[in-house]
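*Asks:* Just need the structure, nothing else, for what follows:
(one chain, ligands or ions: 2)
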Amino acid sequence: MEVGFLGLGIMGKAMSMNLLKNGFKVTVWNRTLSKCDELVEHGASVCESPAEVIKKCKYTIAMLSDPCAALSVVFDKGGVLEQICEGKGYIDMSTVDAETSLKINEAITGKGGRFVEGPVSGSKKPAEDGQLIILAAGDKALFEESIPAFDVLGKRSFYLGQVGNGAKMKLIVNMIMGSMMNAFSEGLVLADKSGLSSDTLLDILDLGAMTNPMFKGKGPSMNKSSYPPAFPLKHQQKDMRLALALGDENAVSMPVAAAANEAFKKARSLGLGDLDFSAVIEAVKFSRE
Ligand SMILES: NC(=O)C1=CN([C@@H]2O[C@H](COP(=O)(O)OP(=O)(O)OC[C@H]3O[C@@H](n4cnc5c(N)ncnc54)[C@H](OP(=O)(O)O)[C@@H]3O)[C@@H](O)[C@H]2O)C=CC1
Ligand SMILES: O=CCCC(=O)O
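*Replies:* Ligands and ions are numbered 1, 2, ... in the order given. Presented below is the predicted three-dimensional model:
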C-alpha cells in the first residue's frame, strides 16, 4: 500500500517511520522540508507541497498541530484541495475540533474525494510502537480501506460514525487527561511542601485504584523537574480550549477542566509550551511561591 503523509512533528515522524518499517511505500511532506530528510534515509519519497503528495498517492494521512494548520494544509496554495478528486482518500489524524473536521470534509467531498478523521490517543512512544488508539469517523468505506495502515499505527481502531464524532471523542479524552494531570501535579507539589516524599506518593498511587500509565510514566521525571516533550503542553492547552468550547455548545458545566485550562495557560505564559504537558506542575509550583 502506498500512502502520503503530511506533517512530520513528534507524532507524524514516528507514525510515518512505522509505516515505512512495515513495508508501506510512503511519500512525505512537511512545512519545514528539512524534517523529511530522516524519513528519506529510511526509504520515503518526498514532495514539495501537500498537493503534490495528493496527486501521487491514492491515500494521504495528515498529522498537524491544530485547526489552523489542518485548514491551511487543505485550503492554502499548493494544498490538498488542488489535487483531491474522485478515487482519492484523505485521512486527517490531527487533534482538531468538529467544526474544522466538518469544513475539511465538505471541501474534500465537494471535489469528489473521500474523508476520514482519525485523531489518536497515545503519545510519542505508542506512536513509535504502533500502539495508538484510533478514533475514526467519516467515510466508512475509506475507514475500512485504511485498516491495514491503522493496524500498523495502532492497537485498536474505533469507527465512531459521522465526521466530527472522532474529534469530539478525542477532545473529551484529552480534557479528562489534562484535568488528571493537574490534580496529579497539585498532589506532587502538596506532598513536597508538606514535608513528604513525592516519590513515596508515586509508590502509594501505583498500588491503589488510581494506578495508571500516565502517573507511572510521567511521575518520576516530574519529581526531577524534567519534561522532555512527548505531548507538547501547547497542544494540551489547545485541546482543553477546544473541549471547553464543546462544553459551552452543549451547556455542560466543566469547572474542573476550566481550572486545568487556566493552569496550562499559565504554564504557556511561563514559556513552557514546547515542553511536555507534565510541565504544568511548574505552574502549580509557581502559583504557590
Ligand atoms: N505528541 C503527542 O503525544 C500527541 C499529539 N497529538 C496531536 O497530534 C498532532 C501533532 O502533534 P505533534 O506531532 O506532537 O506536534 P508537533 O508540534 O511536534 O508537530 C506539528 C506538525 O504540524 C506542522 N505544522 C504546524 N503548523 C503548520 C502550518 N501552519 N502549516 C503546515 N504545517 C504546520 C509542523 O510543521 P513544522 O515542522 O514545519 O513546524 C509539524 O509537522 C496535534 O494535533 C496533537 O494535538 C495526538 C496524540 C498524541
Ligand atoms: O493528544 C495526546 C494524547 C497523549 C496521550 O494519550 O498520552
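*Asks:* didn't Val284 look like it was pressed against Ala263?
*Replies:* Yes: with contact defined as C-beta atoms under 8 Å, Val284 reaches Ala263; the gap is 6.5 Å. The C-beta positions use only the backbone N, C-alpha and C, and glycine is treated the same way.
*Asks:* Between these two, which is the more surrounded one?
*Replies:* Ranked by neighbour count (other C-beta atoms under 10 Å), Val284 and Ala263 place Ala263 first, with 24 against 19.
*Asks:* name the element the more buried one belongs to?
*Replies:* helix 255-269 (DSSP states H and E).
*Asks:* Mind giving me the packing neighbours of that helix?
*Replies:* Secondary-structure packing of helix 255-269 (3 or more C-beta pairs under 8 Å, 6 or more residues apart in numbering; DSSP states H and E): helix 165-193, helix 233-249, helix 280-287.
*Asks:* Dump the ones you listed to JSON lines, plus mean pLDDT and distance to Ile134.
*Replies:* Converted to JSON lines, these look like this (pLDDT from 0 to 100; distance: least, C-beta to C-beta, whole Å):
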{"stretch": "helix 165-193", "mean pLDDT": "98", "distance to Ile134": "8"}
{"stretch": "helix 233-249", "mean pLDDT": "98", "distance to Ile134": "17"}
{"stretch": "helix 280-287", "mean pLDDT": "93", "distance to Ile134": "26"}
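*Asks:* circling back to that earlier point, overlap of the contact sets of Val284 and Ala263?
*Replies:* 182, 185 (C-beta atoms under 8 Å, 6 or more residues apart in numbering).
*Asks:* And the contacts of the helix holding Ala263?
*Replies:* By C-beta under 8 Å, 6+ apart, the list of residues contacting helix 255-269 reads 175, 178-179, 181-182, 185, 233-234, 236-237, 240-241, 243-244, 247, 273, 277, 279-280, 282-284, 286-287.
*Asks:* mind saving the C-alpha coords of it as CSV?
*Replies:* The C-alpha trace of helix 255-269 is given here as CSV (Å, rounded to 0.1, in the frame of the first residue of the first chain):
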residue,chain,number,x,y,z
PRO,A,255,-15.3,23.8,36.3
VAL,A,256,-12.5,21.2,36.8
ALA,A,257,-11.5,21.4,33.1
ALA,A,258,-11.7,25.2,33.2
ALA,A,259,-9.3,25.3,36.1
ALA,A,260,-7.0,22.9,34.4
ASN,A,261,-7.0,25.0,31.3
GLU,A,262,-6.0,28.1,33.4
ALA,A,263,-3.0,26.2,34.7
PHE,A,264,-2.0,25.2,31.2
LYS,A,265,-2.4,28.8,30.0
LYS,A,266,-0.2,29.9,33.0
ALA,A,267,2.4,27.3,32.0
ARG,A,268,2.4,28.7,28.5
SER,A,269,2.8,32.2,29.7
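*Asks:* Begin at 55 from now on, thanks
*Replies:* In the new count, where the first residue is 55, that last one comes out as helix 309-323.
*Asks:* Mind checking if that helix is in reach of ligand 2?
*Replies:* No: Helix 309-323 lies out of reach of ligand 2 by C-beta under 6 Å from any ligand atom, never closer than 12.9 Å.
*Asks:* Pull out the buried positions in that helix.
*Replies:* 311, 314-315, 317-322 (16 or more other C-beta atoms under 10 Å).
*Asks:* Among those residues, which one lies nearest to Asp130?
*Replies:* Arg322 (25.8 Å; C-beta to C-beta).
*Asks:* still on that earlier bit, columns distance to ligand 1 on top of the helices and strands packed on helix 309-323, output as CSV?
*Replies:* Listed next are the helices and strands packed on helix 309-323 as CSV, based on distance: least, C-beta to the nearest ligand atom, whole Å:
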stretch, distance to ligand 1
helix 219-247, 8
helix 287-303, 4
helix 334-341, 14
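*Asks:* what's the spacing between the residue nearest to Leu256 when sequence neighbours are not counted and Phe129?
*Replies:* Leaving aside its chain neighbours, Leu256 sits nearest to Gly273 (4.4 Å; criterion: C-beta to C-beta, 6 or more residues apart in numbering). Look at Gly273 and Phe129: by C-beta to C-beta, to the nearest Å, they are 42 Å apart.
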